[in-house]
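Visitor: Would you be able to build a 3D model of this:
(2 chains)
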Amino acid sequence: MADNRFTGTSSYIATDDLMMAVNAAVTLERPILVKGEPGTGKTQLAVEVARSLGRPLHEWHIKSTTKAQQGLYEYDAVARLRDSQLGDDRVHDIGNYIVRGKVWEAFESEEQPVLLIDEIDKADIEFPNDLLRELDRMEFYVYETKKLITARHRPIIVITSNNEKELPDAFLRRCFFHYIKFPDKDTMAQIVNVHFPDLKKNLLREALDAFYKVRDVRGLKKKPSTSELLDWIKLLLAEDIPPEKLRGAESRNAIPPLYGALLKNEQDVHLFEQLVFLDRRANPQ
Amino acid sequence: MLIPFFYMLREGGMKTSITELLTLLEAMKNGLAGQSVDDFYYLARASLVKDEAHLDRFDRIFGAYFKGVEDSLADLMQDIPEEWLRHQAELSLSEEERKQIEAMGGFEALMKALQERLDEQDERHEGGNRWIGTAGTSPFGAYGYNPEGVRMGQQGSRNRSAVKVWDKRDYRNLDDSVELGTRNIKVALRRLRKFAREGAADQLDLDDTIDKTARNAGLLDIRMVPERHNAVKVLLCLDIGGSMDDHVRICEEMFSAARSEFKHLEYFYFHNFIYESLWKDNRRRHSEKTPTLDIAHKYGSDYKLIFVGDATMSPYEIVYAGGSVEHWNEEPGAIWIKRLLNTFPKSVWLNPEPKERWDYTPSTKLIREIMDDRMYPLTIAGLDDAIKALH
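Guide: From the prediction side, this is the model:
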């Protein structure tokens, strides 16, 4: 049991509640559904769970055109047609034209794998319903070959969603759920530390202050998130910007350097510049 | 012990099911909850709540239910060496303040008042997660009873920190009755989409053709389909000016979201209420009007009619001829809106005013009656309900 617990990794800081949700899902072998602001490490979670438990990872990235069937298998009718025209012998065995999907691959895995179903809300509204039985019983039927495929080991399934569509209740009932909330300053400092271990303390503090100040601006269309903060710090390091400059920026309320990494929308940049301008006029130095 | 809690959740409006309760029990049997209340809270949350909009509700119910079972602040006093706490507090108090505390009924009473104040703050303050920190005006701040001092004592108890987790109510602003930006509105409106293939079958359905041909052992079998598009048609009527000025932002968001979401979207403006004509351009509202009858005749009954307005006006403006504030109307507005409703049976009224205030304005009640109660608040949750009513 002890080696089966997820406690975060050297490159991923997991909060207590996240660990609990993951461990519950691992123990009871049920899927875990992860939601949260973009850039808070939803997808990363699956990668880190696989790494920390030493399990193979299968990733299934969902697009708006993805069908549930594609995760199981596809029947490549075109290849079969071509082979039949060319008189290939393979044509007689329909099994030659069954292409395995990600779920099948995960089911066939030698040891218990981690299966990531990324951004499930991108798919058609019926998508989750089409997977109910597969996720519940961890088996499906291949009609063409009349074979029942059963998972050797029930995979640890991590599902992420950005909330673009509501997921059906029947589906939700089968999952554990965790909402990754935006990390507070302390957690954020830990996260940054993990990614930039030799970051100077004062630079980290100044950067975090500036970052949370930008996040606090009301009316931003897209608030900068953890991944944007990490990018920004990478840039600050690359450009070798001294912490004084960030602090200087704060006292004069200027725009933080390289803000392009934090604000991704021209309206947001405008809004921010305007606020800074107003503020400067109100408190001239 | 968990069954009453389960029913309390359901009474609280959460759609928790038996499957989920069983999952929780199974997890507890597997020793996941451990000994700590924090762990139990996290586990219960992960298994019973499936929508972040309900997290706040869950926290509140959890707090309320386990208050009796767990510890209130009063119980806590037994866990911590009281002398020590008192000492801590008194360190930062002046002689005069100490007297004031005595006057309030001593330390116990003050701690009780503190708990009450905390409960109260949860209700009223944004975030509600700062304990007493926001209470600049509270007597506790003034007494130098800073939460720092109190919390030092509290950290000595594991239970205390457990209560903190849900009493913090971090998820407060995710409740879905809060108005949000364009994107959320778009997502909500998207549910109104109805993809359909209409008209002539003029597109080659490549996949189907290949599939059918292959299944046909190679004999070509051509399949055609009509183009697929969003077939929903929407007629949007927006109230503009006057009391609607307070709601311009949310209406703009709603409008821009609707514009980009529907191919067949027609919109008209009105002022306060519907009369014999509407207009499309507010600057030329007096010169370029569209008669309401024309609208009823031009657009088919498959259009969904959405009114957006605060429904706040004098009742005369609805029921009397000549009631309009802007011009002389020969027929009362109520007759005009009924004509529209007869033509477009699928209709709703979205009201940007908070639902609690509806009952105070007679005109809102009147319009609700006319609309057969199909009036919804202009929030994400309200929009969801409205769209269900339109289906």
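Visitor: Could you use CA atoms for every contact and neighbour count after this?
Guide: Fine.
Visitor: need the helix or strand of chain B with the lowest average pLDDT.
Guide: Least confident element among the helices and strands of chain B, by mean pLDDT, DSSP states H and E: helix B:147-154 (a mean of 33).
Visitor: Please disregard the earlier target; I meant chain A.
Guide: When the helices and strands of chain A are scored by mean pLDDT, DSSP H and E, helix A:243-252 comes last with a mean of 61.
Visitor: Next secondary structure element downstream of that one?
Guide: helix A:266-282 (DSSP states H and E).
Visitor: Output that next one as CSV - backbone C-alpha positions only.
Guide: Taking C-alpha atoms only, helix A:266-282 is exported to CSV below (Å, rounded to 0.1, in the frame of the first residue of the first chain):
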residue,chain,number,x,y,z
GLU,A,266,-4.6,42.8,-26.1
GLN,A,267,-7.6,44.0,-24.2
ASP,A,268,-6.0,42.9,-21.0
VAL,A,269,-2.8,44.6,-21.8
HIS,A,270,-4.8,47.8,-22.6
LEU,A,271,-6.7,47.6,-19.4
PHE,A,272,-3.6,47.1,-17.4
GLU,A,273,-1.8,50.0,-19.1
GLN,A,274,-4.7,52.2,-18.4
LEU,A,275,-4.9,51.3,-14.8
VAL,A,276,-1.2,51.9,-14.4
PHE,A,277,-1.5,55.2,-16.1
LEU,A,278,-4.4,56.3,-13.9
ASP,A,279,-2.6,55.1,-10.8
ARG,A,280,0.5,57.0,-11.8
ARG,A,281,-1.5,60.2,-12.3
ALA,A,282,-3.2,59.7,-8.9
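Visitor: roughly how far out does that helix sit from the chain middle?
Guide: Centroid separation between helix A:266-282 and its chain, computed with Cα atoms, centre = their mean, to the nearest Å, is 32 Å.
Visitor: go on, stretch A:140-156?
Guide: Centroid displacement of stretch A:140-156 relative to its chain, using Cα atoms, centre = their mean, is 27 Å.
Visitor: Over to stretch A:237-250?
Guide: The answer for stretch A:237-250 is 30 Å, by Cα atoms, centre = their mean.
Visitor: can you check stretch A:265-275 too?
Guide: For stretch A:265-275, the distance to the chain centre is 28 Å (Cα atoms, centre = their mean).
Visitor: so what's residue A:128 up against?
Guide: A:68, A:120, A:167, A:168, A:171 (Cα atoms under 8 Å, 6 or more residues apart in numbering or on different chains).
Visitor: which SSE is it in?
Guide: Under the criterion of DSSP H and E, residue A:128 resides in helix A:127-130.
Visitor: Then residue A:221?
Guide: Using DSSP H and E, residue A:221 sits in no helix or strand.
Visitor: Can you get me a residue count around the closest residue to it other than its chain neighbours?
Guide: Closest residue to residue A:221 apart from its sequence neighbours, by Cα to Cα, 6 or more residues apart in numbering or on different chains: residue A:268 at 6.3 Å. As a burial measure, residue A:268 scores 18 neighbours (other Cα atoms under 10 Å in any protein chain shown).
Visitor: And the one 5 residues further on, by the same measure?
Guide: The local packing of residue A:273 (other Cα under 10 Å) involves 14 other residues.
Visitor: Pull up the gap between residue A:264 and residue A:195, please.
Guide: From residue A:264 across to residue A:195, the span is 22 Å (Cα to Cα, to the nearest Å).
Visitor: same thing with residue A:41?
Guide: Plainly put, residue A:41 is 13 Å away from residue A:195 if you go by Cα to Cα.
Visitor: same thing with residue A:272?
Guide: 28 Å.
Visitor: Which one's more surrounded, these two?
Guide: Here residue A:272 and residue A:195 are compared on neighbour count by other Cα under 10 Å; more neighbours surround residue A:272, at 20 against 15.
Visitor: quick one: contacts for residue B:324?
Guide: Residue B:324 makes contacts with B:273, B:316, B:317, B:318, as judged by Cα under 8 Å, 6+ apart.
Visitor: Up against chain B, what does the stretch 51-200 of chain A have?
Guide: Counting by Cα under 8 Å from any Cα of the partner chain, the stretch 51-200 of chain A comes close to chain B at A:77-78, A:80-81, A:85, A:164-165, A:172-179.
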